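Peer 1: sequence? don't have it. structure:
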């Protein structure tokens, strides 16, 4: 096993790591079924974005999640679309996102849920602390290049693609994250070439 990426040596993803810094702090909450998924992008994202945190779980202990969200001087914001239909499940409407936060990346903790749409929705539902976070929905997204995963719409991006787009928007510099996006493309190409044997 590779000590850095925690994958079998034959499937090591370390060659695709592209170190990048952002004023935004990143917290990735990963569904347990995604941890060993060879197609997952969260670990590459975590290993590339300086200061990021990656934690696996579906139902988080409230005390643990509170600690993860309580980064001094930073407001946690959930990278997630508004889902009005979830009101029927008893989830309250998220609080509004203060627009000034997007102009102060150094005061932002971006919380990302890594999983399929169904898994991430369940994670949101099962963790009430996440309900209380303002949400950052993405707009003007490019089509996903994640060719090894079925998406219901072309703008449904992988965790890495969505996060790079969000960080680029907040930092005002999409070019900064292009090397990581291109490395992810190379990872996908290699996966396809080897017919999923990574």
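Peer 2: Here it is on my side, so go on. No experiment lies behind these values; they were computed from the predicted model shown.
Peer 1: what stretches of the protein score poorly on pLDDT?
Peer 2: Judged by pLDDT under 70, the chain has its weakly predicted residues at 38-40, 84-89, 140-156, 194-198.
Peer 1: buried sites along the longest helix seen in it?
Peer 2: Determined from DSSP state H, the single longest helix within the chain is helix 178-193. For helix 178-193, a neighbour-count test (16 or more other CB atoms under 10 Å) marks 180-181, 183-184, 187-188, 191 as buried. Bear in mind the C-beta positions are built from the backbone N, C-alpha and C, glycine included.
Peer 1: with stretch 64-76 instead?
Peer 2: 65, 68-69, 71, 74, 76.
Peer 1: of these, which is the nearest to residue 106?
Peer 2: Using CB to CB, residue 74 comes nearest to residue 106 of the buried residues of stretch 64-76, at 8.1 Å.
Peer 1: returning to that earlier point: dump the buried residues of helix 178-193 into CSV; add distance to residue 107 as well.
Peer 2: Listed next are those as CSV, based on distance: CB to CB, whole Å:
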residue, distance to residue 107
180, 23
181, 25
183, 29
184, 28
187, 32
188, 34
191, 37
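Peer 1: now, which of those sits nearest residue 121?
Peer 2: The closest of the buried residues of helix 178-193, once distances to residue 121 are taken by CB to CB, is residue 184, at 23.6 Å.
Peer 1: show me what the longest helix of the chain is packed up against.
Peer 2: Packing partners of helix 178-193 (3 or more CB pairs under 8 Å, 6 or more residues apart in numbering; DSSP states H and E): helix 42-48, helix 159-171.
Peer 1: 6 Å instead, please
Peer 2: helix 159-171 (3 or more CB pairs under 6 Å, 6 or more residues apart in numbering; DSSP states H and E).
Peer 1: what residues sit buried inside the helix it packs on?
Peer 2: 159-171.
Peer 1: just stretch 125-142 next, same as before
Peer 2: Counting neighbours by 16+ other CB under 10 Å, one finds that the buried residues in stretch 125-142 are 127, 130-131, 133, 135-136, 138, 141.
Peer 1: work out the gap between that stretch and the centre of the chain.
Peer 2: 11 Å (CA atoms, centre = their mean, to the nearest Å).
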